[in-house]
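*Asks:* Would you be able to build a 3D model of this:
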Amino acid sequence: MADLEFSVSANGLMHTLRLRPTERVGTLRARLATAVGMPSNAPPLELVCNGLRCTDDAAHLATLPGRALTAWAPRYSRHISDAAGAQAAVRAAERSHYEAHKLKIEARAFCISALQQAGALASAARRQTPMVSRQLARVERRTWGRLALWIGLTMISRELGLAMPFLIAAAIYAIFNNLGSNNGGESAYTVFNGMRALPGQVRAEDIQRDMMRGVML
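*Replies:* Residues are numbered from 1 along each chain as shown. Below is the predicted model:
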């Protein structure tokens, strides 16, 4: 019995296969998979002959309605689907573990972040320590004494329930204490300089004098 010649279109290419009429559709499918270079674990090719799908691998090739076939691989292969399913299972397990230990995981992450920030602050403080020490050394002892006195009075007034009145009185004192002359210099307010004008201050007398001088000229 003469061999049958089949023309199969697969992946945009034409393949010609010669098989005996007594061979099965499954043999044709396997031979075609080998011809197109499909891996052994790939799903079987889909075959169509004259618009009819060839699903029975045990059928003889002589029973096919034609010799021209079309073949293609399924869009999603089984091994890809299995891998996607395994990944989904892993993600689901991780999600369930996170939900079960959410508080512990978030607390651990917060502690790690806090430790990292504390380490960064400590490193910055170590780098700035020499400069801060030099600046603090320039502060006079009188200033430290005033600061200690102010803090002590604040604590005492707080214990007596007079913290707010003390702060208001301290603020008023600080304002009036800085209105007068500073280190023998002039104050920014004329009333605290014995009504003497500041250098460069424009007065009404100066404007009147300049105007009268221009008229006289």
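
*Asks:* hey, let's count contacts and neighbours off CA atoms from now on
*Replies:* Noted.

*Asks:* What ranges does the chain have for its strands?
*Replies:* 4-10, 13-19, 46-49, 52-53, 68-72 (DSSP state E).

*Asks:* For this protein, which helix extends over the most residues?
*Replies:* helix 102-137 (DSSP state H).

*Asks:* okay, now Thr154: neighbour count?
*Replies:* Residues near Thr154, counting by other Cα atoms under 10 Å, number 18.

*Asks:* wait, Ala33
*Replies:* 21.

*Asks:* still on that earlier bit, who are the packing partners of the longest helix of the chain?
*Replies:* Using 3 or more Cα pairs under 8 Å, 6 or more residues apart in numbering; DSSP states H and E, no helix or strand is in contact with helix 102-137.

*Asks:* Please determine how far the residue nearest the centre of the chain is located from Lys104.
*Replies:* Nearest to the geometric centre of the chain sits Ser113, at 14.5 Å (Cα atoms, centre = their mean). According to Cα to Cα, to the nearest Å, Ser113 and Lys104 sit 14 Å apart.

*Asks:* Then Ser157?
*Replies:* 45 Å.

*Asks:* Thr70 too?
*Replies:* Distance from Thr70 to Lys104, by Cα to Cα: 58 Å.

*Asks:* Who has more neighbours out of the two?
*Replies:* Applying other Cα under 10 Å to Thr70 and Lys104 shows that Thr70 carries more neighbours, namely 20 against 11.

*Asks:* re the thing from before, TSV please, covering the strands of the chain and showing mean pLDDT and distance to Ala148.
*Replies:* Listed next are the strands of the chain as TSV, based on pLDDT from 0 to 100; distance: least, Cα to Cα, whole Å:
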stretch	mean pLDDT	distance to Ala148
strand 4-10	80	92
strand 13-19	84	94
strand 46-49	86	91
strand 52-53	85	97
strand 68-72	85	89
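
*Asks:* will you turn those into CSV that also has distance to Ala86?
*Replies:* CSV is the format used below for those (distance: least, Cα to Cα, whole Å):
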stretch, distance to Ala86
strand 4-10, 31
strand 13-19, 34
strand 46-49, 26
strand 52-53, 32
strand 68-72, 26
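
*Asks:* of those, which approaches Gly152 most closely?
*Replies:* Of all the strands of the chain, strand 68-72 sits nearest to Gly152, with 90.0 Å by Cα to Cα.

*Asks:* Find the nearest non-adjacent residue to Met155, please.
*Replies:* Nearest residue to Met155 in three dimensions, chain neighbours excluded: Ala163, at 7.8 Å (Cα to Cα, 6 or more residues apart in numbering).
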